[in-house]
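Student: Sequence isn't available, so here's the structure alone:
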């Protein structure tokens, strides 16, 4: 099959799905494609869970099992192992929203440490992951980012955040599990970026252990990458970056409008797509220093990445380049890339059903709002149903 037709192969894409799972996926994306239905469904689900109606079983057997690996890491293993048989790796992502308490930040840190330990002996789990606000309050990051003076309590909080980052980075270095650190709102990101760069200086001397995340809907990110490449080249360490389009668009534009500053977000979807592809090309230009995790559900960006790797003579299975998608989405990209010999990892969210609901609601709303995403999934599922005659 020609490279530019790679993602049309539904037999490969849905090879792990039984007929009933295929039907369930088709039903779910049909529901997600209906915006009023998504609004009603999410409101009803929140209400049912808040008043303790017995709906967890229904949620578990439908939307949860489609988008999540299980309720705990052990529960995820059958999914992890099935995907690994198809050369698709997993990133276990504990998708429970944290609370703004020091105790909850300690618990989140311990969870990441335990997951890293869990991953170290499993080839199918090459990465660990966390969000910066899982380890500390967003307001502390914001004040550090904007050079505001911290209170005595906040200074202690910031020191603890640094300790948590270092403890997890050290564990990942010791266990040979790479670490993906997510990006969040622009007004807290500078503090996270600076801290992650310090971790890279310390732990990325021989190879990349620590990855930062670049949200390519931000028009300033290429300049940032040029700056850190300059630092890494001078000081002799390596850089790891996961690149994504971005997840806080409405929130970013709203805050910029309310506070009267220029939005950090590109002015259009096309500008974001162009920025993503430009940033990806820049990273591929420096393979000796920069390791890249291409986090995208965009087919054109994947085709471009494949073309660039070929042009630059970088092997498909070179561990300095990864592709990543979310579990339950874009299987036509993940499984066809893996079969073609590329490094592919699925983000596999997990956690107690009730606690993971905010994540699942975001997934439903995101799919509803991304033009073409749901209809593409539906068309591919329909094509596979017809191929199987179901």
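Tutor: All right, it came through fine. Please read all numbers here as calculations on a predicted model, not as lab measurements.
Student: Any stretches of the stretch 251-390 of the chain with poor pLDDT?
Tutor: For the stretch 251-390 of the chain, residues meeting the criterion pLDDT under 70 lie at 366-371.
Student: residue boundaries of the strands in it?
Tutor: Here the stretch 251-390 of the chain has its strands, by DSSP state E, counting those that start in this stretch, at 290-295, 321-326, 344-350.
Student: average pLDDT across the lengthiest helix in the chain?
Tutor: For the chain, the helix with the greatest residue count under DSSP state H is helix 152-175. Helix 152-175 comes out with an average pLDDT of 98.
Student: And it, what does it pack against?
Tutor: Counting by 3 or more Cβ pairs under 8 Å, 6 or more residues apart in numbering; DSSP states H and E, the packing neighbours recorded for helix 152-175 are helix 102-119, strand 127-130, helix 138-145, strand 178-181, helix 186-203. No exception for glycine: its C-beta is placed from N, CA and C like everyone else's.
Student: mind listing what's buried in it?
Tutor: By neighbour count on 16 or more other Cβ atoms under 10 Å, the buried set for helix 152-175 is 154, 157-158, 160-161, 164-165, 168-169, 171-173, 175.
Student: With respect to residue 221, which of these is nearest?
Tutor: Taking Cβ to Cβ as the measure, residue 221 lies nearest residue 165 of the buried residues of helix 152-175, at 20.9 Å.
Student: what residues are up against the closest one?
Tutor: By Cβ atoms under 8 Å, 6 or more residues apart in numbering, the contact set of residue 165 is 135, 195, 196, 199.
Student: could you dump the strands of the stretch 251-390 of the chain to CSV with distance to residue 26?
Tutor: Formatted as CSV, those follow (distance: least, Cβ to Cβ, whole Å):
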stretch, distance to residue 26
strand 290-295, 25
strand 321-326, 18
strand 344-350, 20
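Student: Let's have the ones you listed in CSV, adding mean neighbour count.
Tutor: Shown next, in CSV, are the strands of the stretch 251-390 of the chain (neighbours: other Cβ atoms under 10 Å):
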stretch, mean neighbour count
strand 290-295, 25
strand 321-326, 23
strand 344-350, 24
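Student: And those: which comes nearest residue 357?
Tutor: Smallest distance to residue 357 across these (Cβ to Cβ): 11.3 Å, for strand 344-350.
Student: quick one: the closest one to helix 102-119, angle?
Tutor: Inter-element angle recorded for strand 344-350 and helix 102-119: 140 degrees (by axes from the mean of the first three to the mean of the last three Cα atoms, to 10 degrees).
Student: Show me what strand 344-350 packs onto, helices and strands only.
Tutor: Contacts defined by 3+ Cβ pairs under 8 Å, 6+ apart place strand 344-350 against helix 73-85, strand 88-94, strand 321-326, helix 331-339, helix 353-369.
Student: could I get those as a markdown table with distance to residue 186?
Tutor: Output for the helices and strands packed on strand 344-350, formatted as a markdown table (distance: least, Cβ to Cβ, whole Å):
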| stretch | distance to residue 186 |
| --- | --- |
| helix 73-85 | 32 |
| strand 88-94 | 22 |
| strand 321-326 | 22 |
| helix 331-339 | 28 |
| helix 353-369 | 18 |
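Student: Determine which of those approaches residue 148 most closely.
Tutor: Residue 148 lies closest to helix 353-369 among the helices and strands packed on strand 344-350, at 28.8 Å (Cβ to Cβ).
Student: which other residues reach the closest one?
Tutor: Here helix 353-369 makes contact (Cβ under 8 Å, 6+ apart) with 29, 32-35, 38, 41-42, 45-46, 49, 56, 59-60, 63-64, 67-68, 71, 95-97, 247, 326, 328-329, 349-351, 373-374, 377.
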